[in-house]
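A.B. asks: Got a predicted structure plus its sequence, pasted below:
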Amino acid sequence: MTETPDAARPDDRPSEGGALRKRRERYAGTHPRRYEHKYKELAADPAALEKVRARGMTPAGTHVPILVDELLEALHLAPGARGVDATLGYGGHAERVLAAIAPGGELVGIDVDPLELERTSARLAALGHVAPTLRVQRTNFAALARTLGEIGWSDGVDFVYADLGLSSMQIDTPGRGFSFKRDEPLDMRMNPARGKPAAEWLARVDAAELERVLAENSDEPRAREIAAALTARMRRPTTTRALAEEIAAALRSRLDDAECADAVRRVFQALRIEVNDELGALDALLRQLPGALRSGGRAAILSFHSGEDRRVKKAFAAGLREGTYRATSDELVRPSAAERRSNPRSGAAKLRWAVRA
Ligand SMILES: C[S@@+](CC[C@H](N)C(=O)[O-])C[C@H]1O[C@@H](n2cnc3c(N)ncnc32)[C@H](O)[C@@H]1O
């Protein structure tokens, strides 16, 4: 795994050895509910993984890739092709892409998250995916052109794909501050070595800016009300639970529990997008895509909310008008009912593709 120098290497990575030396706690019932009790899933015990998947859930420490067949179809992959997975995550899409471009194909897998990338790199290497077939690079996809230059691919690639947002591992792993299902510091950084935790951003933002972020990043219909409530107090929430409780308290008199939970989910999404400058990175990627693709090369982007999809749609439509793309997807590609049932996290996914002229 290599690293481009847009961030310092974090020296505070959790020691996995320490966790392994601990005695396993017993849990009540037939299924472990707490992350730290899911040691069979975390050790990738095949029987344990199968059981969890059969219940329509994502095993701890893994991620179920979304719209895989549709993505492969959009990319027209062939043996010997070379390209970029801009959001490697668990490497679920990458495994299928590597199979489709073998023999002779080469994939560069990018991810901004140094913690998960190290695990994925080891997981894929154990399956035999090593350089030059798979090269893993810790960087932001906003630096796509520079990354291609560094590996000697400035003359272009056959395909680039991105599966935006967070992986299930990032959401489920304790300590990252992405989920309101546990009480922990409100961090939300994909790369904990860069930028500021969400709690610091929230401590300083004014009501107007917070309202804009909630409306733009997650189409929150009660953006003004929530922004006013969260900025009214001297001490603002610094933990996931406190934030979730304050949002619910602001809305409880008018909304039922399910509606409050949806609002909490949208606020968490909006803050995460802001803290990681996800829309800025997506704009940068979309600008660089035409220059990264060879003639006939294909791009595919999987997005998860309207702010992302609007950008992808607009950039592909502009490229088609200007002649940098010769074709784009006419319609959104969405997960089937069967996929949504077997993987509820796929529900909001939208896929669009474009072909370089
Ligand atoms: C939905 S997951 C990808 C899952 C992957 N397709 C799979 O099948 O396992 C998104 C991943 O993209 C990474 N990511 C998000 N924004 C990024 C960016 N701007 N640059 C690089 N990686 C990014 C996240 O850290 C996360 O690991």
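C.D. replies: Thanks, I have it.

A.B. asks: which parts of stretch 306-318 are buried?
C.D. replies: 307-309, 311-313, 315-316 (16 or more other Cβ atoms under 10 Å). (Each C-beta comes from the backbone N, C-alpha and C, glycine too.)

A.B. asks: mind listing which of these are in helices?
C.D. replies: 307-309, 311-313, 315-316 (DSSP state H).

A.B. asks: could you redo those residues as CSV and give each row distance to the ligand and pLDDT?
C.D. replies: Listed next are those as CSV, based on distance: Cβ to the nearest ligand atom, whole Å; pLDDT from 0 to 100:
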residue, distance to the ligand, pLDDT
307, 14, 92
308, 11, 95
309, 15, 96
311, 13, 97
312, 14, 98
313, 19, 97
315, 15, 98
316, 18, 98
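
A.B. asks: farthest pair in the residues you listed?
C.D. replies: Using Cβ to Cβ, those reach their maximum pairwise distance at 307 and 316, which is 15.6 Å.

A.B. asks: How is the closest residue to residue 156 other than its chain neighbours classified with respect to secondary structure?
C.D. replies: Take residue 156 and drop its neighbours on the chain: the residue closest to it by Cβ to Cβ, 6 or more residues apart in numbering is residue 294, 3.7 Å away. Using DSSP: H, G, I helix; E, B strand; the rest coil, the three-state assignment for residue 294 comes out as strand.

A.B. asks: the strands in the stretch 51-200 of the chain, which residues?
C.D. replies: For the stretch 51-200 of the chain, the strands defined by DSSP state E, counting those that start in this stretch occupy 82-85, 106-111, 134-138, 157-163.

A.B. asks: strand partners of the shortest one, parallel vs antiparallel please.
C.D. replies: Strand 82-85 has the following strand partners under DSSP bridges: strand 106-111 (parallel), strand 157-163 (parallel).

A.B. asks: With respect to the ligand, which of the strands of the stretch 51-200 of the chain lies nearest?
C.D. replies: For the ligand, the closest of the strands of the stretch 51-200 of the chain is strand 157-163, at 3.6 Å, according to Cβ to the nearest ligand atom.

A.B. asks: which other residues reach the closest one?
C.D. replies: Contacts of strand 157-163 with the rest of the structure, by Cβ atoms under 8 Å, 6 or more residues apart in numbering, involve 65-66, 71, 75-77, 81-87, 89, 93, 97, 141, 144, 148, 285, 289, 292-294, 296-302.

A.B. asks: tell me which parts of the protein are close to the ligand?
C.D. replies: Applying Cβ under 6 Å from any ligand atom, one finds that the chain approaches the ligand through 63, 65, 87, 89-93, 110-113, 116, 140-142, 163, 165-167, 190, 278, 281.

A.B. asks: That concludes my questions; thank you for your assistance.
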